[in-house]
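**Q** just a sequence and a predicted model for now, questions to come.
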Amino acid sequence: MLEIHDLHVKLEDEDKQILKGVTLRVPAGEVHAIMGPNGSGKSTTSYVLAGRDGYVVTQGTATLNGQDLLAMEPEARAAAGLFLAFQYPVEIPGVGNMTFLRTAVNAQRKARGEAELSAGEFLKLVREKAKALDIDAEMLKRPVNVGFSGGEKKRNEILQMAMLEPTMCILDETDSGLDVDAMRLVADGVNALRSPERAFLVITHYQRLLDHIRPDVVHIMAEGRIVKSGGPELALEVEQNGYADILAEVADA
Amino acid sequence: MAALDMPELEVREGVDRETIETVASMGSYKYGWDTEIEMDYAPKGVSEDIVRLISQRNEEPEWMTEWRLAAFRRWQTMAEPRWAMLNYPEIDYQDQYYYARPKSMAVKPKSLDEVDPKLLATYEKLGIPLREQAILAGIEGAVGTPAEGRRVAVDAVFDSVSVGTTFQAELARAGVIFCSISEAIRNHPELVRKYLGSVVPQSDNYFATLNSAVFSDGSFVYIPPGVRCPMELSTYFRINAENTGQFERTLIIADKGSYVSYLEGCTAPKRDVAQLHAAVVEIVVLEDAEVKYSTVQNWYPGDEQGRGGIYNFVTKRADCREARAKVMWTQVETGSAITWKYPSCILRGDESQGEFYSIAITNNAQQADTGTKMIHLGKNTRSRIVSKGISAGRAQNTYRGLVTMHPRATNSRNYTQCDSLLIGDKCGAHTVPYIEVKNTSSRVEHEATTSKVDEDQLFYCRARGMDEEEAVALVVNGFCRDVLQALPMEFAMEAQSLVAISLEGSVG
Ligand SMILES: Nc1ncnc2c1ncn2[C@@H]1O[C@H](COP(=O)(O)OP(=O)(O)OP(=O)(O)O)[C@@H](O)[C@H]1O
Ligand SMILES: [Mg+2]
């Protein structure tokens, strides 16, 4: 599904290399986790995949189902099935959450040559998905993310994911700042979408989320590279010992 | 009148329709097509003879002709104002037509059934209902709310004349007079004489004075004491003829304790040569009455290079003449090459209130210098100004606002919120507030912001699948929300899509 090969990325405005050869393969049906120290390049990886401005790819490739992601506009990547749950969801004053969702859903449907959802169909769907995430009608009416608590913002990202039904879901620290119950809801939301056609890349600092979403593979990112990959036990190791041992081991090798 | 020595009307053919439509379909301006129709024109230019001719065409009484002539003589002594932040070539006032009437309107049709089908088709194509029926509106934003039937009475003005007015009989039963101003001058001279020029005097400013001399038609509204107008009233202005100015005059009188909501819309075909539009709107609001006046101004804005478009010089003013009178101006200005417009409130009555909500969008080479004046004369008067200016392309957008608190206007309040949004780095936004407070108990608050459209917001939208223009439209609509909410429902929806359309080509 998602294939990243030797990706090198620097900042557009300054001569600073952030990613230094990221290589990663997430096959359909699998859940992969990325862990790694602060500032190691996890969010940058997700932004570059989603098509944010400000980065220059100096080397390497990234494809989604064989399509060259890096050559596509952000909206084309979304329509092709890529979704990024932002680490810091953006506030859009004056734009109702519902209006935003509906515009997004219909924009993607249009791009894929499907009929737009009618107001009635949309409403039915959004109510059902929102309920599962414990998002009330009030939150759907409010402007996108404006005045939402940290946890509400994260749940709102998962609501968007549930509505858009992407095939490649990247979650950037969606678990950070969630209380225990909200964590459960988010994990349920992810698990509900798990299917043989869909893949997940979950960026996290904690084992907690991975208890609920059992990953197939765990990757460790450090200084702009994936330095180690392994099974779920790798996350437990990080949880117990931190990154020092792993990084030392890699440096020795 | 026929005995007077009048210049003959000349006949010109309409422009090749196909050419115009082909050109029109290339850009984003949806209303750029024209109607091929035989017209009667007065000779080019303006003179006392032309003023008399217009008065004669409207079958006006002597006093009206004299009123116009006095304005014309005054106008000849005045100079065009140049203080606005607008840059445009000199206007040759003698090189355009001041009166253009469809030939079929030579004898005024008795009802809409008798109106030339081509004219009716024009309004149908514009989406303006000239049949007396409820409009069905699907409601955006409030998903799930059932579509609601609403009736709106329409006065349809085509170039220099009113083609017809709907729901007149039903409105008359409520005591409401809604007709073209030319009919009002003939049928309700006592009201017109009393109020015409009482809010915007003949000599008010260069464009208003010109309008006083040559206005050809427009709408007249009178709401009797205690009456809540049973439906929304609207006037739809269409400029169709080439090289022709439109000079309409609107007079609204809300008698004691009455209420009316009035809507105004306007469009014009795409032409390479700029056209002048100089209107005057006067509103008189008496004790405890309330008027809401909403405009969606969508005149042809000219092309990307700034060729053509409407030069829109408009004087709009409301006089809250008595206690507790209330007026609310809401405008969505997306069209015109040049906009010069300051809908104002004179808060004369004690405890009267004025509100001004504005969205002004300029794209490509458009320029707008717009805002309001709140003149507080009475005690305990209140005013509120919310202005949202959006600039894209090479456009220049100026908010110009005046708030005065006179010595007698004690304990009065004004609140002004003025936000500018820039899209790209070749456009400009300017804020020019004038504040004068001449008593110690009144308070004026002014807040202003200028920002660039937020890249993170746009990326967030695009990451969810919206293309760049859709993302800009959504973010800008959010920016304008406070003003959009002040519009009547169906107008708000039209305005939302207009925001999107007028920003096409502003990014990428
Ligand atoms: N626009 C930018 N300007 C300057 N530095 C940047 C920019 N974007 C990223 N960086 C730097 O790149 C490095 C990687 O940042 P990134 O956000 O990808 O880290 P991360 O792994 O997601 O960290 P965290 O776990 O704290 O979220 C950091 O040192 C960060 O400061
Ligand atoms: Mg991060």
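**A** That came in fine, so what should we check first? Ligands and ions are numbered 1, 2, ... in the order given.
**Q** tell me how many other residues crowd the residue in the stretch 51-200 of chain A that chain B sits nearest to.
**A** Nearest residue of the stretch 51-200 of chain A to chain B: A:Gly94, at 3.0 Å (C-beta to the nearest C-beta). C-beta here means a position set from N, CA and C on the backbone, and glycine is covered the same way. Residues near A:Gly94, counting by other C-beta atoms under 10 Å in any protein chain shown, number 20.
**Q** B:Tyr206 versus that one, what's the distance?
**A** For A:Gly94, the distance to B:Tyr206 equals 38 Å [C-beta to C-beta, to the nearest Å].
**Q** who are the contact partners of whichever residue of the stretch 301-450 of chain B sits closest to chain A?
**A** As assessed by C-beta to the nearest C-beta, chain A sits closest to B:Lys388 within the stretch 301-450 of chain B, at 9.8 Å. Counting by C-beta atoms under 8 Å, 6 or more residues apart in numbering or on different chains, B:Lys388 makes contact with B:Ser358, B:Ile359, B:Ala360, B:Asp419, B:Ser420, B:Leu421, B:Phe479, B:Cys480, B:Asp482, B:Val483.
**Q** kindly recompute the last result at 6 Å.
**A** By C-beta atoms under 6 Å, 6 or more residues apart in numbering or on different chains, the contact list for B:Lys388 reads B:Ile359, B:Asp419, B:Cys480, B:Val483.
**Q** ramachandran coordinates for B:Ser358?
**A** Taking degrees, to the nearest 10, you get phi -140, psi 140 for the backbone angles of B:Ser358.
**Q** tally of neighbours for A:Gln59?
**A** 13.
**Q** and it, what element?
**A** Under the criterion of DSSP states H and E, A:Gln59 resides in strand A:55-64.
**Q** next, the buried residues of that strand.
**A** Neighbour-count burial for strand A:55-64 flags A:Tyr55, A:Gly60, A:Ala62, A:Leu64 (criterion: 16 or more other C-beta atoms under 10 Å in any protein chain shown).
**Q** between these, which is closest to B:Ala42?
**A** Within these, proximity to B:Ala42 (C-beta to C-beta) peaks at A:Tyr55, which comes in at 63.7 Å.
**Q** residue contacts, that closest one?
**A** Counting by C-beta under 6 Å, 6+ apart, A:Tyr55 has contacts A:Val9, A:Val48.
**Q** 10 Å - rerun?
**A** A:Val9, A:Lys10, A:Leu11, A:Glu12, A:Asp13, A:Ile18, A:Leu19, A:Thr44, A:Tyr47, A:Val48 (C-beta atoms under 10 Å, 6 or more residues apart in numbering or on different chains).
**Q** closest to A:Pro27 among those?
**A** Set against A:Pro27, the nearest of the contacts of A:Tyr55 by C-beta to C-beta is A:Val48 (20.5 Å).
**Q** check the secondary structure at the closest one for me.
**A** Under DSSP: H, G, I helix; E, B strand; the rest coil, the three-state class of A:Val48 is helix.
**Q** how close does it sit to A:Gly41?
**A** For A:Val48, the distance to A:Gly41 equals 9 Å [C-beta to C-beta].
**Q** okay, and the common contacts of these two?
**A** A:Leu7, A:Val9, A:Ile18, A:Leu19, A:Val22.
**Q** what strand or helix carries the last one?
**A** Secondary-structure element containing A:Val22, defined by DSSP H and E: strand A:17-26.
**Q** do that strand and chain B meet?
**A** No: applying C-beta under 10 Å from any C-beta of the partner chain, one finds strand A:17-26 separated from chain B by no less than 17.3 Å.
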